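**Student:** model this:
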Amino acid sequence: MKEENHQETQTERLTANKPFMLLISAQLISNVGDWLHLLALLTMVGLKWQATPWEITMLSLCMAVPMLLGGPLAGYLSDMMDRKALMIGSDLVRAGIVMGLVFAGSLWQVYLLLVAKGVMDMLFSPAKSGKLKELVPPAQMDQAIALSSSIEQITKIVGPAAGGLLVAAFGISVCYIIDSATYLLSALILLAVPHVGKFRTERGQVVGTNPQERGSFRKEAGAGLRLIGMMPAVLSGVVMLVAVLMVLTIADSQTVTLFREIPGVSGDLLGWCVAASGLGTLCAALAIGRKGSGKHPLVLMSAGAILMGSVFVSAALVTEYGEAGLWMNVMLFGSFTLAGAGAGLVFIPFNSMLQRRTPEAYTGRVFGAVSSLTSAAVILGPVAGGALVTASGAVIAYVVSGVLTALLGAAMLVLRARIEGKDKRVLQDLQESVA
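**Tutor:** Down below sits the predicted model:
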């Protein structure tokens, strides 16, 4: 009972943190718009323009390449510049870019706009992670990450459903216009966020870095990777995250292709299944926010990978051997819900662990490095997925990715105790060296 009261008190204090609430309010608004525009984009390219699997794969590549190439640079800028200004500037530019999709008449125009938007996403993401670290005390970081993830998943539920209704009633362009407006509103809200958060720290040196070497961009940008390499649990989490993403995106990038193979499939089934995955991740976020993930994040990540892998295989089998109708819709909705829960168990504990273990002054560089690595996985996965789908079909792609994901989770579960033991020893050595 005391523990529950303590958690409730922590949550109350977190929600009373006005700068943090402004930050996630801006996130809520822009995320709703993002899902509207993403569903409209998939509908336009995948269903209206009947793009090939490789052309659909290119959508993911255009969004991921900027982060792959510029992640460390964006992280460096977010640690050295005004994070608030970076976020507002990114929102304003993205508003114009998304509006440009209204006038896009070819795939190449769409690709160029997505690359430009990816550059702005690249600048925004590490700046937001760093600002979160500035605004939230360490004791409330689990709750903050869970609340932020809950916001993301609520928008993932509401956005595609609303997008489906808007596309059906008013057409695809309306979704782009609304998304553009949400970026403008997000920028307006961010104006009220303080330039310097209460928990911002002095820009001191990283353990193991010579102060005389500071100032070199290459060394400063590489500080994120050096920090990750010094923390065995975080390093293992990054390796697992990258591997899971690469395997999952083999199939995930071809969801539209899989749904096209269902005879008589409903046009709005894709939107409902995307919303279902958001519902599953929301449930995982709420559970993690209540129970916490600090003690055994690698266990939760392993369980999530096993769950996701199993569900991907079952979804493929349902589409292959089932018949279109209410029963198939229910089965797919349930499968995507469980897959979303598995994703929450992988990503939320990892993000919490990364925020807790990273010094605030280097949050941008660490998250920029992680974003660059995960973007590499997001690029390689769809490329492999496009090749596999072209050669063997979407069902095989889903089965292969599901089996490999489950095996990755099982392998991490077996190695977890050894990794955590080594991480504990490294942490003790660092504490002794500081003392």
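**Student:** From here on, just use CA atoms for contacts and neighbour counts.
**Tutor:** Will do.
**Student:** so residue 128, which of the three states?
**Tutor:** When classified by DSSP: H, G, I helix; E, B strand; the rest coil, residue 128 comes out as helix.
**Student:** Count the residues that sit near residue 234.
**Tutor:** If you count neighbours by other Cα atoms under 10 Å, residue 234 ends up with 24.
**Student:** Ignore what I typed, I meant residue 48.
**Tutor:** When neighbours are counted by other Cα under 10 Å, residue 48 comes out with 10.
**Student:** ok, it to residue 169 distance?
**Tutor:** 16 Å (Cα to Cα, to the nearest Å).
**Student:** what are the ranges of the helices in the stretch 1-150 of the chain?
**Tutor:** Here the stretch 1-150 of the chain has its helices, by DSSP state H, counting those that start in this stretch, at 2-15, 18-42, 53-80, 83-100, 107-135, 141-170.
**Student:** avg pLDDT for the first one?
**Tutor:** In other words, helix 2-15. For helix 2-15, mean pLDDT is 53.
**Student:** for stretch 142-150, same thing?
**Tutor:** 80.
**Student:** Determine how far it lies from the middle of the whole chain.
**Tutor:** Stretch 142-150 sits 13 Å away from the centroid of its parent chain (Cα atoms, centre = their mean, to the nearest Å).
**Student:** Kindly report the same for stretch 238-252.
**Tutor:** Put simply, stretch 238-252 sits 12 Å off its chain's centre (Cα atoms, centre = their mean).
**Student:** what residues does that stretch touch?
**Tutor:** Contacts with stretch 238-252, where a contact means Cα atoms under 8 Å, 6 or more residues apart in numbering, come from 305, 346-347, 370, 373-374, 377-386, 388, 394, 397-398, 401-402, 404-405, 408, 412.
**Student:** Poorly predicted segments of the stretch 251-400 of the chain, please.
**Tutor:** Within the stretch 251-400 of the chain, the stretches with pLDDT under 70 are 251-271, 289, 291-295, 322-325, 382, 385-386, 389.
**Student:** Where do the helices of it begin and end?
**Tutor:** 255-260, 269-291, 297-321, 326-357, 363-392, 394-434.
**Student:** what angle separates the fourth one from helix 107-135?
**Tutor:** Angle of helix 326-357 versus helix 107-135, following axes from the mean of the first three to the mean of the last three Cα atoms, to 10 degrees, is 50 degrees.
**Student:** Take the helices of the stretch 1-150 of the chain and write them to TSV, including distance to residue 224 and mean neighbour count.
**Tutor:** Converted to TSV, the helices of the stretch 1-150 of the chain look like this (distance: least, Cα to Cα, whole Å; neighbours: other Cα atoms under 10 Å):
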stretch	distance to residue 224	mean neighbour count
helix 2-15	28	13
helix 18-42	24	22
helix 53-80	8	23
helix 83-100	17	21
helix 107-135	12	22
helix 141-170	20	22
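**Student:** Quick one: closest of the ones you listed to residue 418.
**Tutor:** helix 141-170 (24.2 Å; Cα to Cα).
**Student:** list the helices and strands the closest one packs on?
**Tutor:** Using 3 or more Cα pairs under 8 Å, 6 or more residues apart in numbering; DSSP states H and E as the contact test, the elements touching helix 141-170 are helix 2-15, helix 18-42, helix 172-190, helix 269-291, helix 326-357.
**Student:** could you dump those helices to TSV with distance to residue 56?
**Tutor:** Listed next are the helices and strands packed on helix 141-170 as TSV, based on distance: least, Cα to Cα, whole Å:
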stretch	distance to residue 56
helix 2-15	40
helix 18-42	8
helix 172-190	17
helix 269-291	15
helix 326-357	20
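**Student:** Looking at those, which is nearest to residue 141?
**Tutor:** helix 326-357 (6.7 Å).
**Student:** roughly how far out does the closest one sit from the chain middle?
**Tutor:** Taking mean C-alpha positions (Cα atoms, centre = their mean), helix 326-357 and its chain are 11 Å apart.
**Student:** what's the angle between it and helix 297-321?
**Tutor:** Going by the same axes, to 10 degrees, helix 326-357 makes 160 degrees with helix 297-321.
**Student:** If we go by neighbour counts, what in helix 326-357 is buried?
**Tutor:** Of the residues in helix 326-357, 328-329, 331-357 count as buried by neighbour count, 16 or more other Cα atoms under 10 Å.
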